[in-house]
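> Quick one, what's the 3D model for this:
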Amino acid sequence: LQKVKNDLEMVLSAIRSKNKQLEEDLRREQQWYEEQKQLLDTLTKTENEKKPEVEQLSTERKEFDDLINKLLKLKSYKKGLLSALGEFLDEHFPLPERGGKTRNKKSSAEPAVKLITLQEILEILINKLKTTPHDPYVKICESFWAPYIELLLRYGIALRHPEDPNRIRLEAFHK
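Here you go, the predicted model:
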(Lines give C-alpha, C1' and ligand atoms only; values in the text may rest on other atoms or scores of the structure.)
Protein backbone atom coordinates (compact mmCIF):
# COMPACT_ATOMS: atom_id res chain seq x y z
CA LEU A 1 0.00 0.00 0.00
CA GLN A 2 2.86 2.31 0.80
CA LYS A 3 4.27 1.80 -2.65
CA VAL A 4 0.89 2.51 -4.27
CA LYS A 5 0.57 5.61 -2.09
CA ASN A 6 4.04 6.84 -3.16
CA ASP A 7 3.23 6.15 -6.78
CA LEU A 8 -0.05 8.03 -6.48
CA GLU A 9 1.69 10.97 -4.78
CA MET A 10 4.23 11.06 -7.62
CA VAL A 11 1.43 10.95 -10.16
CA LEU A 12 -0.39 13.68 -8.22
CA SER A 13 2.72 15.92 -8.14
CA ALA A 14 3.34 15.28 -11.88
CA ILE A 15 -0.29 16.17 -12.63
CA ARG A 16 -0.04 19.33 -10.47
CA SER A 17 3.15 20.44 -12.24
CA LYS A 18 1.53 19.67 -15.58
CA ASN A 19 -1.57 21.59 -14.45
CA LYS A 20 0.61 24.60 -13.45
CA GLN A 21 2.35 24.47 -16.83
CA LEU A 22 -1.02 24.31 -18.62
CA GLU A 23 -2.32 27.25 -16.54
CA GLU A 24 0.82 29.24 -17.49
CA ASP A 25 0.30 28.34 -21.18
CA LEU A 26 -3.37 29.33 -20.89
CA ARG A 27 -2.41 32.69 -19.35
CA ARG A 28 0.13 33.36 -22.14
CA GLU A 29 -2.41 32.36 -24.81
CA GLN A 30 -5.05 34.64 -23.29
CA GLN A 31 -2.56 37.51 -23.19
CA TRP A 32 -1.64 36.84 -26.86
CA TYR A 33 -5.37 36.70 -27.71
CA GLU A 34 -5.97 40.08 -26.03
CA GLU A 35 -3.02 41.63 -27.92
CA GLN A 36 -4.33 40.25 -31.22
CA LYS A 37 -7.81 41.52 -30.42
CA GLN A 38 -6.43 45.03 -29.70
CA LEU A 39 -4.40 44.91 -32.90
CA LEU A 40 -7.48 43.90 -34.89
CA ASP A 41 -9.53 46.70 -33.31
CA THR A 42 -6.80 49.24 -34.12
CA LEU A 43 -6.56 48.03 -37.72
CA THR A 44 -10.34 48.13 -38.14
CA LYS A 45 -10.44 51.66 -36.74
CA THR A 46 -7.61 52.75 -39.07
CA GLU A 47 -9.36 51.14 -42.03
CA ASN A 48 -12.60 52.98 -41.24
CA GLU A 49 -10.70 56.27 -40.92
CA LYS A 50 -8.86 55.79 -44.23
CA LYS A 51 -11.81 54.50 -46.24
CA PRO A 52 -13.18 58.01 -47.11
CA GLU A 53 -9.69 59.14 -48.11
CA VAL A 54 -9.31 56.14 -50.41
CA GLU A 55 -12.72 56.79 -51.93
CA GLN A 56 -11.82 60.45 -52.43
CA LEU A 57 -8.52 59.49 -54.06
CA SER A 58 -10.30 57.07 -56.37
CA THR A 59 -12.76 59.77 -57.45
CA GLU A 60 -9.89 62.23 -57.93
CA ARG A 61 -8.05 59.61 -59.98
CA LYS A 62 -11.15 59.11 -62.12
CA GLU A 63 -11.44 62.87 -62.63
CA PHE A 64 -7.74 63.02 -63.50
CA ASP A 65 -8.14 60.22 -66.04
CA ASP A 66 -11.14 62.06 -67.54
CA LEU A 67 -9.04 65.22 -67.86
CA ILE A 68 -6.24 63.29 -69.52
CA ASN A 69 -8.72 61.79 -72.00
CA LYS A 70 -10.12 65.25 -72.75
CA LEU A 71 -6.60 66.60 -73.21
CA LEU A 72 -5.75 63.80 -75.64
CA LYS A 73 -8.96 64.48 -77.57
CA LEU A 74 -8.12 68.19 -77.71
CA LYS A 75 -4.60 67.45 -78.94
CA SER A 76 -6.02 65.18 -81.61
CA TYR A 77 -8.56 67.84 -82.59
CA LYS A 78 -5.81 70.50 -82.67
CA LYS A 79 -3.67 68.28 -84.87
CA GLY A 80 -6.59 67.78 -87.24
CA LEU A 81 -7.27 71.53 -87.36
CA LEU A 82 -3.63 72.32 -88.05
CA SER A 83 -3.53 69.69 -90.76
CA ALA A 84 -6.69 71.08 -92.37
CA LEU A 85 -5.29 74.62 -92.11
CA GLY A 86 -2.05 73.47 -93.72
CA GLU A 87 -3.89 71.83 -96.59
CA PHE A 88 -6.05 74.93 -97.07
CA LEU A 89 -3.03 77.24 -97.07
CA ASP A 90 -1.06 75.00 -99.43
CA GLU A 91 -3.97 74.89 -101.86
CA HIS A 92 -5.05 78.54 -101.76
CA PHE A 93 -1.81 80.36 -100.90
CA PRO A 94 1.06 78.69 -102.73
CA LEU A 95 4.49 80.26 -103.02
CA PRO A 96 5.11 82.20 -106.25
CA GLU A 97 6.33 80.00 -109.06
CA ARG A 98 9.99 80.40 -109.93
CA GLY A 99 9.53 80.58 -113.68
CA GLY A 100 6.19 82.41 -113.57
CA LYS A 101 5.36 85.91 -114.68
CA THR A 102 7.10 88.68 -112.80
CA ARG A 103 6.11 92.30 -112.73
CA ASN A 104 9.63 93.54 -112.41
CA LYS A 105 11.85 92.63 -115.34
CA LYS A 106 14.98 93.06 -113.23
CA SER A 107 13.93 90.30 -110.83
CA SER A 108 13.62 87.61 -113.50
CA ALA A 109 16.61 85.82 -112.00
CA GLU A 110 16.26 83.40 -109.11
CA PRO A 111 15.64 85.20 -105.80
CA ALA A 112 18.61 85.12 -103.44
CA VAL A 113 16.46 84.12 -100.44
CA LYS A 114 14.24 81.04 -100.21
CA LEU A 115 10.72 82.22 -99.50
CA ILE A 116 8.69 80.54 -96.78
CA THR A 117 5.02 79.59 -96.98
CA LEU A 118 2.15 81.41 -95.35
CA GLN A 119 1.74 78.45 -93.00
CA GLU A 120 5.34 78.78 -91.83
CA ILE A 121 4.88 82.53 -91.29
CA LEU A 122 1.77 81.85 -89.19
CA GLU A 123 3.61 79.16 -87.21
CA ILE A 124 6.44 81.60 -86.47
CA LEU A 125 3.95 84.23 -85.30
CA ILE A 126 1.99 81.75 -83.16
CA ASN A 127 5.13 80.29 -81.57
CA LYS A 128 6.49 83.75 -80.82
CA LEU A 129 3.16 84.75 -79.22
CA LYS A 130 3.13 81.58 -77.09
CA THR A 131 6.79 81.67 -76.02
CA THR A 132 7.14 85.39 -75.30
CA PRO A 133 3.69 86.93 -74.80
CA HIS A 134 5.28 90.10 -73.37
CA ASP A 135 7.15 90.70 -76.68
CA PRO A 136 5.29 88.88 -79.48
CA TYR A 137 6.78 90.89 -82.38
CA VAL A 138 8.69 89.13 -85.16
CA LYS A 139 11.12 90.95 -87.43
CA ILE A 140 10.06 90.76 -91.08
CA CYS A 141 12.93 89.14 -92.91
CA GLU A 142 13.57 88.70 -96.62
CA SER A 143 12.23 85.15 -96.62
CA PHE A 144 8.73 86.46 -95.83
CA TRP A 145 6.94 87.04 -99.12
CA ALA A 146 5.62 90.62 -99.09
CA PRO A 147 2.11 89.82 -100.44
CA TYR A 148 1.61 87.36 -97.56
CA ILE A 149 2.61 90.01 -95.02
CA GLU A 150 0.24 92.53 -96.64
CA LEU A 151 -2.54 89.91 -96.59
CA LEU A 152 -2.06 89.28 -92.88
CA LEU A 153 -1.98 93.00 -92.12
CA ARG A 154 -4.93 93.94 -94.34
CA TYR A 155 -7.27 91.34 -92.86
CA GLY A 156 -6.33 92.05 -89.24
CA ILE A 157 -4.55 88.76 -88.61
CA ALA A 158 -1.28 90.54 -87.83
CA LEU A 159 -0.41 94.01 -86.55
CA ARG A 160 2.64 96.19 -87.18
CA HIS A 161 4.79 97.39 -84.32
CA PRO A 162 3.83 101.00 -83.43
CA GLU A 163 7.46 102.17 -83.56
CA ASP A 164 9.17 99.72 -85.93
CA PRO A 165 7.31 98.99 -89.21
CA ASN A 166 9.64 96.04 -89.90
CA ARG A 167 8.15 94.04 -87.02
CA ILE A 168 4.74 92.36 -86.86
CA ARG A 169 2.84 90.29 -84.35
CA LEU A 170 -0.18 88.04 -84.42
CA GLU A 171 -3.44 89.71 -83.38
CA ALA A 172 -4.36 88.50 -79.88
CA PHE A 173 -7.74 86.93 -80.71
CA HIS A 174 -7.77 85.03 -77.41
CA LYS A 175 -8.12 88.21 -75.32
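
> which residue is nearest the centroid of the protein?
Ile68 (6.8 Å; CA atoms, centre = their mean).

> What is the burial count for Leu125?
Leu125 has 20 neighbouring residues, counting by other CB atoms under 10 Å. Every C-beta, even on glycine, is put in place using the N, C-alpha and C of the backbone.

> Which residue is the nearest non-sequential neighbour of it?
Using CB to CB, 6 or more residues apart in numbering and skipping residues adjacent in sequence, the residue nearest Leu125 is Leu170, 4.1 Å away.

> ok, now Val113?
Per CB to CB, 6+ apart, closest to Val113 is Glu142, 4.3 Å.

> three-state assignment of the one you found?
Classification of Glu142 using DSSP: H, G, I helix; E, B strand; the rest coil returns coil.

> element containing the residue nearest to the centre of the chain?
In the assignment (DSSP states H and E), Ile68 maps to helix 2-92.

> What is the burial count for the residue nearest to Leu125?
Neighbour tally, Leu170, other CB under 10 Å: 22.

> Which residues does it form beta bridges with?
Judged by DSSP bridges, the bridge partners of Leu170 are Ala158.

> my guess is it contacts Gly156, does it?
No: Leu170 is not in contact with Gly156 according to CB atoms under 8 Å; the separation is 10.6 Å.

> Just list the residues touching Leu129, thanks.
By CB atoms under 8 Å, 6 or more residues apart in numbering, the residues touching Leu129 are 136, 169-170, 172.

> same deal with Leu67?
For Leu67, counting by CB under 8 Å, 6+ apart, there are no contacting residues.

> how close does it sit to Arg61?
Distance of Leu67 to Arg61, computed by CB to CB, to the nearest Å: 11 Å.

> swap in Asn166?
Counting by CB to CB - Asn166 and Arg61 are separated by 52 Å.

> contact partners of the helix or strand encompassing Leu153?
Per DSSP H and E, Leu153 falls inside helix 146-154. With contact meaning CB under 8 Å, 6+ apart, helix 146-154 is reached by 93, 118, 121-122, 140, 157-160, 168.
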